[in-house]
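> Okay, structure incoming, though there's no sequence with it:
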């Protein structure tokens with residue numbers, strides 16, 4: 001399936017969201033989809049740079065993929081013990097049960113579901129929830145329900161993108177209180193300063209610091225493991241936590257307290273989605289090697305070490321930092337801060353990529369996208385998204401003030417995304433892998449049940465802070481629905497005055513206007529309809545170029561469009577040609593560079609004698625609109641803040657002619 005894009009870029013996807021695009025309105029959006037893994041190379045940019053080696057990719061994945069899950073030991077075990085401490089009596093079986101729950105969650109959710117199963121569900125090498133959504137929709141022959149589930153998962157990811165930097169940096173800086181109580185009043189200001197610095201340097205791109213991430217996180221995981229070993233050796237009974245009976249016994253014997261504990265246990269597996277999302281950047285083997293060879297053993301040892309420490313000293317308040325001798329506290333706080341910045345960087349980059357996918361899908365208006373690397377098209381920076389994320393993260397840190405308070409807000413977004421992922425995986429295993437429904441259910445139902453329990457436990461914390469990701473997701477869904485609905489209304493209104501392009505070509509052949517030299521390119525979402533810019537040019541300038549190209553940009557359901565399918569040329573009359581360009585959902589459209597491919601088909605043109613005609617709409621609220629007034633105002637605000645189509649399609653600004661029209665919505 002392909003999705004035509006308007007010059008403004010709205011995706012035509014009647015089978016996906018019931019949306020048809022406005023004919024050629026640059027104020028609108030453009031299609032595509034899925035997390036663009038940092039470092040994926042746009043075919044248009046070429047693949048001249050050498051592919052990194054396996055071990056280089058494995059070390060890189062430690063920094064980018066495992067930043068979030070790698071910093072969970074800072075707070076996960078501490079928070080999971082809170083329900084057991086309610087009666088001020090901490091039993092050994094409660095400590096072992098909590099540790100067992102965490103270890104088996106890591107094994108089942110991360111190792112089995114993500115590393116063993118989901119990493120095999122790539123969409124032409126790419127991963128992530130939107131990529132999985134594309135596979136699931138393909139399996140069902142197009143499904144609005146699956147499309148909606150994918151969007152819900154994407155919306156929940158933004159909640160994660162706001163909460164992760166706040167809780168991660170707060171939990172690291174809180175270690176300063178153990179170095180000396182004098183730092184207690186400085187934790188929040190230092191946290192806010194680090195968060196602001198993190199977002200302010202985003203515009204410089206991640207390429208210079210990406211090489212720093214991997215080695216820092218390798219050092220971090222080695223420190224996690226080494227700090228735990230002495231405590232484990234001193235209390236070998238902690239290995240009982242490897243027995244799943246302790247986890248089951250804890251769940252069955254502690255009622256609602258166990259359900260509350262599950263919500264905190266889930267903090268240990270947050271970040272697992274990054275395994276799948278960054279598949280296209282690093283590949284399956286490097287991610288698997290990093291997890292099985294370093295990350296999982298280090299995390300398991302650290303949680304066992306924390307359990308051993310608490311068994312020995314039940315009064316321990318911060319089992320992570322208290323694993324370390326006093327002389328190592330300050331270096332570990334610094335290393336933890338670097339690690340949490342790494343975790344935050346990964347989720348911020350993911351938010352940028354996801355935003356580009358939403359724009360490509362036509363779910364958001366075009367936003368400014370800056371490329372920060374010449375060789376890696378995945379390294380992008382979106383100023384508006386960066387600013388909104390920065391405000392959100394700072395507000396959360398200031399309002400909640402501690403990582404413990406924020407822990408209540410953390411789980412819902414991630415559990416919701418994981419549950420949606422498991423559900424769509426069932427569809428792919430059943431319909432694309434051709435397993436029987438029973439076999440597919442036997443494979444995925446255990447994960448769905450486990451993640452549903454995690455979601456249920458996190459829903460208990462809605463009023464303590466769990467409302468934060470729900471509100472963020474709900475707000476984003478309202479914005480996307482408003483945009484899609486507004487685009488549909490505009491399309492229906494403009495459709496009434498449309499002129500079929502073949503009818504116009506026939507009229508011009510019988511009564512030709514004055515011709516001028518050069519090539520004119522008219523962008524439109526519907527190649528069967530004459531673009532508004534062409535009609536206005538004829539009406540006001542009363543001239544026609546020697547060559548006139550009716551150009552439609554489509555987004556296909558694969559990460560990158562294949563060479564032969566990249567561009568298609570079809571003559572439709574004297575001096576008129578239809579051109580269809582196809583881009584994958586992981587690519588950024590570049591019209592001038594792709595037009596050069598037409599020369600292979602014998603279409604000669606000089607880019608310096610080519611003009612690009614776009615229609616720019618000025619939108620006003622109608623007296624009798626299809627939407628409530630508040631939605632009208634949201635839609636108009638979004639349209640006004642849309643990035644210029646010239647920049648989005650990378651058209652030279654000196655070659656663009658814009659024709660203005662006014663419409664009501």
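Yep, that arrived. The model shown is predicted, which means the values in this text are computed figures rather than measured ones.
> CA only for contacts and neighbour counts going forward, please
Fine.
> for residue 402, phi and psi?
Backbone torsions of residue 402, given as degrees, to the nearest 10, read phi -150, psi 160.
> likewise the one 5 residues further on?
For residue 407, the backbone dihedrals (degrees, to the nearest 10) come out as phi -60, psi -30.
> from what I can see it touches residue 263, true?
No - the pair residue 407 and residue 263 does not pass the contact test of C-alpha atoms under 8 Å, sitting 9.0 Å apart.
> who's more crowded, the two?
Higher neighbour count among residue 407 and residue 263: residue 263, with 28 against 25, using other C-alpha atoms under 10 Å.
> I figured that one hits residue 411, correct?
Yes - with contact defined as C-alpha under 8 Å, residue 263 and residue 411 form a contacting pair (6.7 Å).
> Overlap in contacts, these two.
Each of 455, 458 lies in contact with both residue 263 and residue 411 under the rule C-alpha atoms under 8 Å, 6 or more residues apart in numbering.
> Quick one: the strands in the stretch 551-665 of the chain, in order.
567-573, 576-584, 610-620, 656-664 (DSSP state E, counting those that start in this stretch).
> Just say which of these is most tucked in.
The highest mean neighbour count among the strands of the stretch 551-665 of the chain, using mean count of other C-alpha atoms under 10 Å, belongs to strand 576-584: a mean of 22.
> List the neighbouring strands of it plus their orientation.
Strands that pair with strand 576-584, judged by DSSP bridges, come out as strand 543-556 (parallel), strand 567-573 (antiparallel).
> can you list contacts of the last one?
It refers to strand 567-573. Contacts for strand 567-573 (C-alpha under 8 Å, 6+ apart): 502, 505-506, 577-582, 594-595, 597-598, 601.
> Same question for stretch 57-67.
Counting by C-alpha under 8 Å, 6+ apart, 210-211, 213-218, 271-272, 274-275, 278, 282, 286-287, 289-291, 295, 339-340, 342-344, 346 sit against stretch 57-67.
> okay, which residue is most central for the chain?
Nearest to the geometric centre of the chain sits residue 354, at 3.2 Å (C-alpha atoms, centre = their mean).
> Doesn't it lie inside a helix?
Yes - Residue 354: assigned to a helix according to DSSP: H, G, I helix; E, B strand; the rest coil.
> Quick one, grab the pLDDT at it.
Looking at residue 354, its pLDDT stands at 75.
> Check whether it really touches residue 154, as I assumed.
Yes - if you go by C-alpha under 8 Å, residue 354 and residue 154 touch, sitting 7.3 Å apart.
> contacting residues around residue 664?
Per C-alpha under 8 Å, 6+ apart, neighbours of residue 664: 490, 619-622.
> Can you tell me which of these is nearest residue 475?
Comparing the contacts of residue 664 against residue 475 with C-alpha to C-alpha places residue 621 closest, at 21.5 Å.
> what about residue 473, helix or strand, and which?
helix 467-495 (DSSP states H and E).
> which helices and strands does that helix pack with?
helix 144-173, helix 403-431, helix 629-640 (3 or more C-alpha pairs under 8 Å, 6 or more residues apart in numbering; DSSP states H and E).
> Residue 154 and residue 130 touch, don't they?
Yes - counting by C-alpha under 8 Å, residue 154 does reach residue 130; the two are 7.3 Å apart.
> Now a PyMOL select for only the buried ones of the contacts of stretch 57-67.
In PyMOL, this line selects whichever of those come out buried by 16 or more other C-alpha atoms under 10 Å:
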select buried, resi 210+213+214+216+217+218+271+272+274+275+278+282+286+287+289+290+291+295+339+340+342+343+344+346
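> quick one, helices of the stretch 201-350 of the chain?
207-234, 244-253, 255-265, 273-277, 279-282, 284-290, 296-312, 329-360 (DSSP state H, counting those that start in this stretch).
> wait, isn't residue 146 in contact with residue 137?
Yes - contact criterion C-alpha under 8 Å: residue 146 and residue 137 qualify, at 6.3 Å.
> Okay, the residue nearest to the centre of the chain and residue 119: tell me how far apart.
19 Å (C-alpha to C-alpha, to the nearest Å).
> Please apply the same query to residue 69.
For residue 69, the distance to residue 119 - C-alpha to C-alpha - is 17 Å.
> Could you list the low-pLDDT ranges of the stretch 251-400 of the chain?
Applying pLDDT under 70 to the stretch 251-400 of the chain picks out residues 280-281, 371-379.
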